[in-house]
Structure formats: C-alpha cells, structure tokens
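Student: one predicted model, sequence on top.
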Amino acid sequence: MDTNEDTSTATTPPDSDPPRKRKVHGMLKLYYGLNDEGKASDQAESLDPCDINGPHFDPEVYLNKLRKECSLGELMDQESCMVKQIRSLDSDMQTLVYENYNKFISATDTIRKMKNDFKKMEDEMDCLSANMAAITEFSAKISGTLQDQHAQITKLSGVHTLLRKLQFLFELPARLNKCLELQAYAQAVSSHRRARCVLQQYSHMPSFRGIQDDCNAIIEQLAQQLRQKFRDGGSNAKDLSECVELLLQLDEPAEELCDKFLSHAQSRLEADLQGLEAELRDPVSPSGPSALKKAASLAAGSPIDASTPTANPFLSVASKTDILEFIDRGCNEFVSNLCLVIASYQELFISRAQEGELASKNIPEMASRKLHAFVDALAARYFSLVERRIQEEKGVGDNSLLVRALDRFHRRLQAVSKLLPGSAVPSQGTEIVVQAARERIKQYLSALQSFYLDSLTDVRQALAAPRLSVGGGAGGGALLPGGASGKDAPPNLPELLASFSASILNQIKSVLASVHLFTAKDITFSNKPYFKGEFCSQGVRESLVVSFIKFVCQSSRQFCESTGDRGGSTPPALLLLLSRLCLDYETSTISYILTLTDEQFLVQHHSPVTAVTALCAEAREAAQKLLNHYVKVQGLIISQMLRKSVETRDWVNTIEPRNVRAVMKRVVEDTTSIDVQVGLLYEEGVRKAHSSDSSKRTFSVYSSSRQQVRYAPSYTPSAPMDTNLLSNIHKLFSERIDIFSPVEFNKVSVLTGIIKISLKTFLECVRLRTFGRYGLQQIQVDCHYLQMYLWRFVSDENLVHFLLDEIVGSAAHRCLDPAPMEQSVIEVICERG
Amino acid sequence: MDCLAPSPASLIPPWQPHSISVHTARALMEELLQPRPMAQPTAVQTAAIAAATTAASAAGAAGVLWEPMGDGRRVISLADNHAVLWDLQESSAKATVSSTATLEGKGQLKFTSGKWSPHHNCTQLATANDTAIRGWDLRSMSQIYCIDNAHGQLVRDLDFNPNKQYYLASCGDDCKVKFWDVRNINEPVKSLEEHSHWVWSVRYNHSHDQLLLTGSSDSRVILSNMVSISSEPFGHLMDDEDLSDGEDGHQEEKSREPLQDSIIATYEEHEDSVYALEWSSADPWLFASLSYDGRLVINRVPRALKYRILL
C-alpha cells in the first residue's frame, strides 16, 4: 500500500484530469481482464518500473527511489497524498459498481429468457419443413394433370387472334365505307395501311382477293375524294396539308402532289397579289357603287372625312391607301401566306420525306427545287407590285411612312429567308429597298433643285417688285447733285440674300433629316453594308449634297452663259446676289453642309468622294464668273447709254456747250446706285490713297499741263509727231489696261471694272466720230464732269484720268477745228450743272 | 470725203508687201487722221469713190467692196441701209448702178461692215448690221440668210474662209470671234473669247485657212490656229492617212501630234487699239496690223509653225 500511495502522489494531481480518467478506465480494464489489447503500446511506453500507472510498476524500486531522493517532509506529503488518492479511487470504484449492477441483472435475465424461446422455435421450424415437402408433392401432381389442357388453350387463343384479324379484314370494306361516309379519312387510311400488306401477301387466295379488290376500290374512291378536296381548295391550309399527308400515305406520286399543292397555293397567293394589284389601280377609277361604298365606309371610319361628300374627288385621292398600309397588307396577306405555304410544304414534302421511304427517290431535292421556283416566281410578281407602288411615292413630304413601309417589307422578307435559306428572295427584297432609297435620294435632289429654282424666282420677283423702303439708297443719292434717291432704290439685298440662303440651308437640313430616317437604328435594313457605306457616302453625300451644291454652282454659271450678252433677262442685282451666295458657299456654307452630313451619317468613305476644296473651288469659280458677268452687264448698260449719246449726235454742227449733257449725269447716277448696290453685299476693298480733293487736283494736271502741250502745238506743222510721241511715252509707262478683266470680290474692284468698260466704250465711240469745235468742247465738259464724280469709285483714280484723257485726246484728233475750251469755263459749267 | 473718215478700218486697201515702208504707213495714217481726199487716185478708184460718194450721204458709209475675183469691174458700196452694186466701165470714169438692196426692218438699220464672198462665182455678199449677219444673193439682190444676234453686241467685221465656201468668221463688241457655217445658222461652229475688248477685225490667211488673225481695241493682235474647222485634214482623217505610212510613221507620229486649235501668238507691240489687219497677198506667212496711234507692225508666222504646216 505504501508504494501505491507514493506513486500516485508523485505523478498526478487529483480531480478532473483526462490522464486520471484514463487511469481509472485502465484499472477497470484490469479488473475485468481485458487489458491484453492495449498491452503492446503500453509496454513500449512505460517500461519504467517507477511509473505508478504503468504495468511494470515495481513498488520496491519505486519506494527505494523515493526514499533515496526525498526528504522526510516530502515523504510525508507523498504519503498523505497517496492515501487521499487511494480513497478517491475506492469511492469511484464503488459508484461504478452501483451504476452497473442493475444492467448486469437485467442482462442475465434476458439471456435466460432467450434460451427458452429458441427451444420453441426449433420445433416450429421442423413442422414447417414437413409441410413444405407436402406442398411440393401436391404441386407436382397438379401440373402433371394439367399439362394437356394448357397446350390446347394456347392453340385456341392463337386461333382466336387469327380469327380476329380475319374478321378485321372481312369487315375492312364496310369499315372503310363507314369512314368514308363519316369523312374520317385519316382513320380509313391508317386501317387500310394496316391491312394492305396482308392483303398483298394473300392476294392469291380468291377470298382475300375479293376483299383486296373491295378495299382498293374504296380506297380509290377515298383518294378520289381526297383529291377532289385538294383540288377544290376551299379548305384552309391545315386541311390541305392533311389531305396531302394522306395522299402521300396512299402512295400518290409526290411530284404530282407537289405540283398540285403548289398550284393550289399559287391560286390563293395569286388572289392576294390581285388584291394588291387592285389596290394599286383602284384609286384611279373610283366610279361605281363599290368605290362609293368603299369611300363611304372609309368616311364612316374617320370622323373627319364623314362630313365631306363621297363624290368629292379629293376623297378618292385621300382614300388611296398609303404605302405603309399597302406594304402592311402585302406582308400580312401575301408574305405570311407564302411563309405558311413554304412551311407546310417543307413539312410535307421535304422534312417528312427525308425520314421516310420517299427519301430514296430524291424527292426532297425535287420538292425543294420546285419550291424555289415557285417562291421565286411569286416573289418576283410581288416585288414588281411593290416596286410599282414605291414608284408612285413621289411626294417628298413625309419620308417616315416610306421608310417604315420599307422596313416592314424588309423585315417580313427575313422570315422567308429563314424558311428558305438558299432563296434569292431576301436579296432581291434588299435590292428593292436599296433601289427605293436611291430613287428617294434622286427625288430629294430634284425637290431641292426645284426648291432652289423656286426661291430663286421669288428672289427675282422681290428684286423686280418696286420697294418703298429706301434703305441705303438715300446715302448714295445724297452724293448726286440731282438727288435720285427714291427713284430706283435698291431692294434690301442683304436681307434677301440672308433669307434666300437660310431657306436653302433649312431645306437641305430638312431633306437630310428626312433621308436620315433611312439610317435610323431601329430600321432593320440600315445595318446592311449598303446602308452603312454606300448609301451614306455615295448616296447621301455625293448624289444628294454634292450634286445639289454643284447644281447651285452650275445654275448660277448658266446665268452668265445662256441669257443673252445684251444683259438678258437676268436682273443684274440677281447676278450680284448669286455671286455673293456662291462666295458665301465657298467660304463657309459648303464645309458646314458637308460636315453636317458627315456627322449625321457617320460617313465612312470607301470610295473616293468629292473633296470640300474641289467644291469650294467650283463655288468660287461660279462666284467669280457671276461677278464678272455682273460687271459686264452693268458696264454694258452704261456703255449703251454712252454709245447712243455719242452716235446719235451731230458733233460737227453743235452749239457751244452750256451744260453737262444729261447722259453724263445719268451715268454718274447709275454708277452711284450700282455702288450702293454692290456696297450692300461686298466689302469696300482697297484703293490707292488719294487726297480728299483729288478731283480738282488731277483735273488741273490733266487740263493745264498736258492739255496745253497737246492742243497748243496742233497749230504748228510738227504737232502730230509730238502728240503721238507724248501719248506713246505715256502709254509706255502706264500699265496696259485689260478692260474685261476679272474683278476681285470687293466693291471698289467691281466699280472699277464697270467704269473701265464704260469709259473705254466712250473712247471707242468718240474715235468713230468727227467733231466740230463745239463738239470737242462738249466732250471736254462731259469728261470733266465724269472726272469730278467717278474718281471716288475706283481703286486707282489715275485709270479714270488716263481714260478720260484719251477720250478728250481722241476727240481733239478727230476735230476739224480743235479749239479747246478755257479750263475755268469748263469748271464753271460743271459746277453749275 | 467725210464719209471715209469715221471708220478707220475700212480705209486700208489691200496692200502689197514689197511696197510697204514706214513712209507708206505714215501716208496711210495721214489718210486716217486728216479727213482729206487721197492723193492721186487711179481711174478706177476715182470711179469707185465717185460711186460711193454718189450713193452715200455725208456720213454713214460702211465700206466699199471690190469684187474678189475677176477683172475688178464691179464694186459694192455699203452705206446706211443700202447696198449698191456698181458696174465700172473700164474706159470711162463713170460708174453705173446695176442693182441695189435695201435693209428693211424696225428702227434705223445701218450696215456696219460687209464682205464679198469669193466663192459661188462671186454671187454672195455677207453684211453686218448691229448684231445680225445677213447673206445676200447678188443676182437677185435678195437676202438668203440672216443670223440674228450673231454676237451679243455690234458685229465689227466678217471674213470668208478662202477654202471652205460656207464658212464665215465674224467678230464683234462682245470680245468674241465666231465661226459660222451658213448652212446651219442656229449655232456658231466655234466661238473664241481671247480678247479683252472689242474685236475690230478678223482675217483668214489666204492660203492656209487654219491661220486666223484678230485685232482688238485691247491693243492686241492674236494669231490663232483653227485646225479643227479648216480645210486641212484633221483628227481621224489625218490618222487614217498616217496609218498607210506603216511603222516608219509611227515614231514620227509621236513626236508630232496633230495640231490642236490654239493660240499661236499674241502680239502686244501696239500701245493703242488695233483697228486693221491684213495678210500679205505675196507672202502667206506675213501680216501687218495698224493701231490708232499710227503704229504699223509687220510680223511673221512663227517659223516652227510654218514648217509644221508645210511639212
């Protein structure tokens, strides 16, 4: 006991410790003799004889060890601890025993009871095996007796089924007849199919032959009826397909059936097409009761129309279905029917045949070939109708209807393409859409052109109409001594130009917006390659916008060419206005329009397109031409006045000049009004600097020094030589003047051009006349007057001086008695005038 | 003699190149500038002048036309609205009126110039008044065609193609030179617009009718080469001929492409309006032009062109 106490105190502390529990368990094991299993591991673990819990515990060794190592106090503690442990172990043991006691008792009882039950069971088992042996014996006996009868029954039942079959066969004709009566064709056919093989097999027997013949006759009749039904075509598509199915089962030739089916479908589709065609034609001849009825029904349908009388011709026009309705109808009737036909046809002839025995006869190929031909033919007719209808769509007002119609048309054809993958129909449909779009662009172009021409006419009228508003005219008129401000005040050109170009631009924008509908996101065909590329770049940009701009330039240019050289019917103001318009186009409008187009349509240029610069160059050229022409026309008008004034006068026998001739005043007046007119549209431009008193200064130069030199020697013999020399030297140093040269885009240049032309004409006319003394003097007065007023308009006043110099010089040359007038007198006359 | 003064262009007689000198030019200029009768006129000239004087009033004579072929016994005078055909008796200095034609129409019509056609046995006359060109048959003195609005403005001068009988060139105040086929007068065959002012005269070269001279009051003289409407082979006609040459001609063809209608040269020696032009009747490559300031310029057709035409 001592040793036990010692070990326990040395190793483990008391209470709630897993090693302790194990220890207890191990002890119990020990108690029941169950410790052999865990032995090996334990041995390995603790061979230490000092381990109080180990199996090799040697109390002697342990005690010796303790005694050697510990002091007395420690030994005492050890001892008391060990005692405590032993006590607790004992109590544990007791509790365990109590706990398990009852279980042991009941277990013992159960075992005893079981022993009794097993004994009883053994007896019963013996009884059962005896019974089973008896049953086996009896069963063997019974089956032995029933053997013969069973064979007989089997045979009988075989006979019964055969008889049933025979009965079916014998009853078949009657049944078929009944089915025929009830029109239960499907049942009849399936019955016949079932019997057919048998009948075929036993047809050498007369009785069967009879049945077969009967059946065949009936089936023939049935087939006849089916065919009849098929041919009548009154039934709907479903019935029809049923018919075809049955006929196919009856071994009708498939090709013939295909043809029949298609021809039947054709007749119905034809009807749809005719309906469409009638619609195309119908509104043209609304006479007759049907049309009236139709009109009336339409009128009833829409409350707005209800009030108008049915005879109203406008109603018939209005009652014409719009294109969307037309296409809708076409889609709903024709295309959907076509799809139905295709679907059922494919169901019947192609997909089914592929499964069945028909596949061997190449029927699917034949059938699909037929179908393609059929669809193509009908679609072609349909397309032609649609095309006709689209062509009738001439009005350019609302585009959305057309676009929607085309979209629907295109979308519906996709169904066909899904059904018939190889068909050319969808591509043809797309072609039509593309064509329609192209047509549309053409129409828009012509609409734009006519709009342009119309607004041009408006502008013309506005120019022609006398305007009360004086505007800038008064300022120009103030320059004139006579004051002709109100007489022909120029119309308000800038306003006209602004409204003109704005209205054109608006029109272009609205047209672009309309065309833009074609490329809207929700339109199916807008995603097609054509619409993404060619339509935008070639169609809209080139054919529409660029063509229009070119048209504007070209029509402007035509004003320069066609209308006669005498000024023609084109009012000069219009020329000026158009010139400014073209110039504006060149500077900004063209690039604006093209940028707008490119942005709106996201144009991606696959093919080369007209460059902005080329268009601008064209516009500039047109502007230049127009302005040149304007100068020419205005110059001509003044030239004509001058020419008439020179040619119709007898310059030899004229009186002494007292006044500036009225023509000269008129010339200055006209020039002033032209100046005002041009000033409204074009900038001032640069001119060579001159003093405010130029008229006086230059005049004095021209009159005193040069004139003296020129006229004085004309009385001396050597005069002509000197004069020529002088004028030639002068010409050598002055630049050559191109009379009808192109002008720049500014007021001064334009006016210079006009004055050049006028004065040159004056010069040439003077050279063709012969002057008397007073004739020359009159020319002198006139030229001085022109000198006073014209210098301010031109870029280089020397030009005017030079030309006027030449005029007076030429007049002096042509004068019989060249006696020039006193300068002061000339001045007095001019100032008085 | 005032009647001769107004139109400087009409005064220059067909001149002989070998007799041209500065002095002659001066003389011509003096005639132009001084309204005095010409010195020492020959008998025929006297007769013609007498005839013109008789026919014309103090002003308004547009010109006197000599018969282009034949013995020069016939003369036409154009004055105001009358065209008078005179017959000059060789011996006497007296002219007799053989027939007259009168321009009729609205307003005061006046002949501005005219030309006697060298074709058709000299039975045709072309005249210009205002913007119209008219053709006359001298046998009946009746109008045979009328090109209204031949030019936008006044028609200044006319000339017949010496080799193509229906071709006529005209020029006028619209700065244009136009070529007409008188069988189809609706449209000009061709129209040139090279000058920058009125074109006062136009002249075909007498033997090479593709060469055309025009003088204008922009003080330029322009020599143009109008191959396409000349009597020379042109375009595919020429090609056909060349084809027969075979391969030798092949390279040549490249080097000398067929001549195109073009301006050959612009002569800017004049300082003032050029009113008269004439080809020399002796040397077909020589021509003279006269301007208001009295300068007479004689020029040659460029040598290169001459050889191209000849070879």
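Tutor: Okay, I see it. Numbering: from 1, shown residues only, chains lettered A, B, ... in the order given.

Student: alpha carbons only for contacts and neighbour counts from here, please
Tutor: Will do.

Student: pull stretch B:295-304 out as PDB, backbone CA atoms only.
Tutor: Provided in PDB are the C-alpha atoms of stretch B:295-304 (Å, rounded to 0.1, in the frame of the first residue of the first chain):
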ATOM      1  CA  ARG B 295       1.900 102.200-135.500                       C
ATOM      2  CA  LEU B 296       2.100  99.600-138.200                       C
ATOM      3  CA  VAL B 297       3.500  96.300-137.100                       C
ATOM      4  CA  ILE B 298       4.600  93.600-139.500                       C
ATOM      5  CA  ASN B 299       5.000  90.100-138.200                       C
ATOM      6  CA  ARG B 300       5.700  86.700-139.500                       C
ATOM      7  CA  VAL B 301       4.100  83.500-138.600                       C
ATOM      8  CA  PRO B 302       6.500  81.600-136.300                       C
ATOM      9  CA  ARG B 303       8.900  79.500-138.200                       C
ATOM     10  CA  ALA B 304       8.200  76.400-136.300                       C
END
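
Student: now do the helices in the stretch 1-150 of chain B.
Tutor: Assigned by DSSP state H, counting those that start in this stretch, the stretch 1-150 of chain B shows helices spanning B:22-33, B:43-55.

Student: with adjacent residues omitted, what lies nearest to A:Arg412?
Tutor: Of all residues not flanking A:Arg412 in the chain, A:Cys331 sits nearest, at 6.5 Å (Cα to Cα, 6 or more residues apart in numbering or on different chains).

Student: check contacts around that neighbour.
Tutor: By Cα atoms under 8 Å, 6 or more residues apart in numbering or on different chains, A:Cys331 lies in contact with A:408-409, A:412.

Student: from those, list just the buried residues.
Tutor: Among those, those scoring as buried are A:408-409, A:412 (criterion: 16 or more other Cα atoms under 10 Å in any protein chain shown).

Student: make sure B:Phe287 is indeed in a strand.
Tutor: Yes - B:Phe287: assigned to a strand according to DSSP: H, G, I helix; E, B strand; the rest coil.

Student: so what sits opposite it in the bridge?
Tutor: Beta-bridge pairing of B:Phe287 under DSSP bridges involves B:Trp279, B:Asn299.

Student: wait, what's in contact with it?
Tutor: Residues near B:Phe287 by Cα under 8 Å, 6+ apart: B:277-280, B:298-300.

Student: turn the buried ones among the contacts of A:Cys331 into JSON lines, including pLDDT.
Tutor: Below are the buried ones among the contacts of A:Cys331 laid out as JSON lines (pLDDT from 0 to 100):
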{"residue": "A:Arg408", "pLDDT": "79"}
{"residue": "A:Phe409", "pLDDT": "80"}
{"residue": "A:Arg412", "pLDDT": "78"}
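
Student: by mean pLDDT, show me the worst of the helices of the stretch 1-150 of chain B.
Tutor: Among the helices of the stretch 1-150 of chain B, helix B:22-33 carries the lowest mean pLDDT, at a mean of 42.

Student: just say helix, strand or coil for B:Ile263.
Tutor: When classified by three-state DSSP, B:Ile263 comes out as strand.

Student: would you confirm that it contacts B:Leu223?
Tutor: Yes - with contact defined as Cα atoms under 8 Å, B:Ile263 and B:Leu223 form a contacting pair (6.1 Å).

Student: who's more crowded, those two?
Tutor: Using other Cα atoms under 10 Å in any protein chain shown, the more surrounded residue of B:Ile263 and B:Leu223 is B:Leu223, with 22 against 15.

Student: returning to that earlier point: give me the buried subset of the contacts of B:Phe287.
Tutor: Buried by 16+ other Cα under 10 Å: B:277-280, B:298, out of those.

Student: between the residues you listed, which sits nearest A:Glu69?
Tutor: Ranked by distance to A:Glu69 (Cα to Cα), those are led by B:Ile298 at 159.6 Å.

Student: what about A:Leu776, distance to chain B?
Tutor: 16 Å (Cα to the nearest Cα, to the nearest Å).

Student: scratch that, A:Tyr345 is what I was asking about
Tutor: Going from A:Tyr345 to chain B by Cα to the nearest Cα gives 66 Å.

Student: so which helix or strand takes in that residue?
Tutor: Following DSSP states H and E, one finds A:Tyr345 within helix A:336-345.

Student: for that helix, buried residues please.
Tutor: Applying 16+ other Cα under 10 Å to helix A:336-345 flags A:336-342, A:344-345 as buried.

Student: buried sites along the one helix or strand A:Ile218 maps to?
Tutor: Per DSSP H and E: A:Ile218 is located in helix A:206-232. Across helix A:206-232, burial judged by 16+ other Cα under 10 Å covers A:208-209, A:211-212, A:214-216, A:218-219, A:222-223, A:225-227, A:230.

Student: what packs against it?
Tutor: Here helix A:206-232 touches helix A:72-182, helix A:185-201, helix A:237-249, helix A:254-281, going by 3 or more Cα pairs under 8 Å, 6 or more residues apart in numbering or on different chains; DSSP states H and E.

Student: for the second one, give the mean pLDDT please.
Tutor: Going back to what we said before, that points to helix A:185-201. 76.

Student: what's near enough to touch A:Lys756?
Tutor: Contacts of A:Lys756 (Cα under 8 Å, 6+ apart): A:635, A:739, A:799-800.

Student: enumerate every residue touching A:Leu382.
Tutor: Just so we're on the same page, residue A:382 is Tyr rather than Leu. With Cα under 8 Å, 6+ apart, A:Tyr382 has these contacts: A:Leu273.

Student: so where do the helices sit in the stretch 201-311 of chain B?
Tutor: Secondary structure of the stretch 201-311 of chain B (DSSP H, counting those that start in this stretch): helices at B:236-244, B:248-255, B:303-310.
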